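**Student:** could you look at this predicted model? Sequence included:
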Amino acid sequence: MKRLLVVVLVAACSKDPSGGSVDGKVIFSTTCTTCHGSTGKPDATMVARLGVRDLTDPEVRARLTQDSVEAQVRVGSPNKLMPAFTGALSEEQIKAVSAFVVSPEFVK
């Protein structure tokens, strides 16, 4: 029981918001949903206040590539409203969440 508690506390105190997961869906749900919503469709407040994109919008999806999503996750948005996740997420995690966002599974 003590070991489990230590593992939970270490994960909770780590800088990694996803707890070390390399599953793109898990990373999205723990890191991205605050702004983008649990389905990729942000609520109206996030759109109005921060200009958060609806990642389910067909026009947006038509322009998304894994490379473009990776770049956005790494360095954040040009207006700095989306933070950079370099340092908070590993390179493997950035690739995993980006692959998930551009995948057909994301909009199911």
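**Tutor:** That came in fine, so what should we check first?
**Student:** now do the same end-to-end measure for stretch 19-33.
**Tutor:** For stretch 19-33, the first-to-last residue distance is 15 Å (C-alpha to C-alpha, to the nearest Å).
**Student:** next one: that stretch to chain centre, how far?
**Tutor:** 6 Å (C-alpha atoms, centre = their mean, to the nearest Å).
**Student:** now do that stretch: everything it contacts.
**Tutor:** 11-12, 14, 17-18, 36, 38, 40, 85, 88-90, 92-93, 96-101, 103, 105-106 (C-beta atoms under 8 Å, 6 or more residues apart in numbering). In this view, the C-beta of every residue, glycine as well, is placed from N, C-alpha and C.
**Student:** which of those residues count as buried?
**Tutor:** 18, 36, 40, 85, 88-90, 93, 96-98, 100-101, 106 (16 or more other C-beta atoms under 10 Å).
**Student:** any idea how far Val60 is from Val107?
**Tutor:** 11 Å (C-beta to C-beta, to the nearest Å).
**Student:** so where do the strands sit in this structure?
**Tutor:** Taking DSSP state E as the criterion, the chain carries no strands.
**Student:** worst-scoring helix or strand of it, pLDDT-wise?
**Tutor:** Across the helices and strands of the chain, mean pLDDT, DSSP states H and E gives its lowest value to helix 2-13, namely a mean of 32.
**Student:** surely Gln66 meets Val102?
**Tutor:** Yes: using C-beta atoms under 8 Å, Gln66 is in contact with Val102, at 5.2 Å.
**Student:** got any ranges where this protein has weak pLDDT?
**Tutor:** Residues of the chain meeting the criterion pLDDT under 70: 1-16.
**Student:** ok so, going back, sort out for me which of the contacts of stretch 19-33 are in helices.
**Tutor:** Among these, the residues falling in helices (DSSP state H) are 11-12, 36, 92-93, 96-101.
**Student:** list just the nearest of those to Asp54.
**Tutor:** Checking these against Asp54 with C-beta to C-beta, the nearest one is His36 at 8.2 Å.
**Student:** distance check, that closest one against Phe85.
**Tutor:** 13 Å.
**Student:** ditto for Glu91
**Tutor:** Glu91 is 11 Å from Phe85, by C-beta to C-beta.
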